[in-house]
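# below are the sequence and a predicted model for it; my questions follow.
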Amino acid sequence: MSDDEKPPQPEQPAARRRMVRPPSGGTAAGRGLGTQIKTADKKSMSSQQWIKRQLADKWSERARAEGWRSRAAFKLIEIDDRYRLIKPGSRVVDLGAAPGGWLQVALKRGAKSVVGIDLLPIEHVPGAELIQGDFTDPGMDRQLLDLLGGPPDLVLSDMAHNTVGHRKTDHLKIIALIEIAADFAIRNLRPGGAFVTKNFQGGDAGGVLARLRDEFETVKYVKPESSRKGSAEVFLVALNKK
Ligand code: SAM
């Protein structure tokens with residue numbers, strides 16, 4: 001097994017899981033990197049901390065300067081620079097797409113048909129079709145595929161739930177989202193297609209990992225530079241759907 005087929009080791013213990021998405025109550029606009037600090041006093045402590053972290057963070061600053069809607073954009077840029085997943089004319093599905101950084105990257109890199117879904121509203125992204133809803137709802141996969149206009153070349157999932165603080169429950173929720181995204185990718189990707197999903201170090205994604213290894217030629221773990229160093233976040237990249 002090569003180095004990037006093994007899960008990267010956390011740089012700090014991953015005992016405390018942080019919310020990867022901002023706390024609830026945000027809108028697509030409110031969650032954007034232009035979020036105004038003056039509204040922070042009305043928000044919860046965790047929300048204020050999230051805003052402070054965003055403002056201090058070099059990737060968030062770069063995202064603002066370069067016009068990306070989220071610092072998450074850089075994670076997909078790094079993954080795509082390494083594996084060349086987005087090709088001119090690609091059909092791309094983005095699960096958990098708000099506020100839209102990955103949608104922007106996919107379109108900028110030449111994808112022709114891009115569909116994103118999120119529980120939260122996503123501000124219009126020129127060129128992308130958007131659904132506000134729960135990806136795990138029955139019939140959502142059909143809606144996404146109808147909008148896409150053909151089998152996807154690439155399925156992306158950056159979905160992250162709101163943690164409840166109960167370790168076991170949070171863990172089960174993370175795994176459930178990964179499994180359902182992987183299942184969608186396996187059932188719908190065209191042969192040769194690719195799947196990228198957020199995962200967490202220390203999370204037992206063993207079952208889904210085995211399935212991905214059966215269904216794809218190659219499966220890699222990636223911890224992008226732009227992913228916070230102390231976070232347990234890591235990405236699984238599955239290449240060449242059989
Ligand atoms: N990749 C995005 C970007 O580049 O801007 C950031 C995604 S953010 C880290 C994770 C998103 O997953 C949140 O906006 C959250 O609402 C969404 N999410 C979590 N569970 C979901 C579900 N069941 N269906 C749809 N979206 C979901």
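Done, it's in.
# okay, the closest residue to G67 other than its chain neighbours: pLDDT?
Closest residue to G67 apart from its sequence neighbours, by C-beta to C-beta, 6 or more residues apart in numbering: Q104 at 7.9 Å. C-beta: built from backbone N, CA, C; applies to glycine. The predicted local confidence for Q104 comes out at a pLDDT of 98.
# what about Q104, distance to Y221?
Summarising the geometry, the distance separating Q104 from Y221, computed by C-beta to C-beta, to the nearest Å, is 25 Å.
# do a quick rundown of the strands in the chain.
The residue ranges that make up the strands of the chain, judged by DSSP state E, are 91-95, 113-118, 128-132, 154-157, 194-200, 216-222, 233-241.
# what residues does the chain have near the ligand?
Near the ligand, the residues belonging to the chain are 20-21, 69-70, 72-73, 96-102, 117-120, 134-136, 158-161 when assessed by C-beta under 6 Å from any ligand atom.
# list the ones among those residues that fall in helices.
Within those, residues falling in helices by DSSP state H are 72-73, 101-102.
# buried residues of stretch 182-193, list them for me.
Burial within stretch 182-193, assessed by neighbour count using 16 or more other C-beta atoms under 10 Å, is assigned to 182, 184-186, 188-189, 193.
# could you find the closest non-adjacent residue to F195?
If you skip the residues right next to it in sequence, F195 has A185 as its closest partner in space, 3.9 Å away by C-beta to C-beta, 6+ apart.
# so how far is P88 from that neighbour?
The separation that A185 has from P88, given C-beta to C-beta, amounts to 21 Å.
# and what of H171?
Look at H171 and P88: by C-beta to C-beta, they are 39 Å apart.
# okay, the two: which has more neighbours?
Between H171 and P88, counted using other C-beta atoms under 10 Å, the more crowded position is H171 (16 against 8).
# pLDDT below threshold where in the protein?
1-43, 50, 52-56, 203-204 (pLDDT under 70).
# just checking, what's the longest helix in it?
Ranked by residue count and defined by DSSP H, the top helix of the chain is helix 167-188.
# can you count the residues close to the residue nearest to G67?
Burial of Q104, expressed as a neighbour count using other C-beta under 10 Å, amounts to 23.
# tell me who's in contact with it.
For Q104, the contacting residues are 67-69, 73, 125, by C-beta atoms under 8 Å, 6 or more residues apart in numbering.
# give me the residue at the spatial middle of the chain.
The central residue of the chain, meaning the one whose C-alpha is nearest the mean C-alpha position (C-alpha atoms, centre = their mean), is D158 at 1.3 Å.
# hmm, back to that, by neighbour count, which of the ones in helices among the residues of the chain next to the ligand wins?
Across those, the neighbour count under other C-beta under 10 Å reaches its highest value at W102, namely 33 neighbours.
# show me what contacts it?
The contact partners of W102, by C-beta under 8 Å, 6+ apart, come to 72-73, 76, 94, 116, 156, 158.
# nearest to Q201, of these?
Here the nearest of the contacts of W102 to Q201, counting by C-beta to C-beta, is D158; it sits at 16.1 Å.
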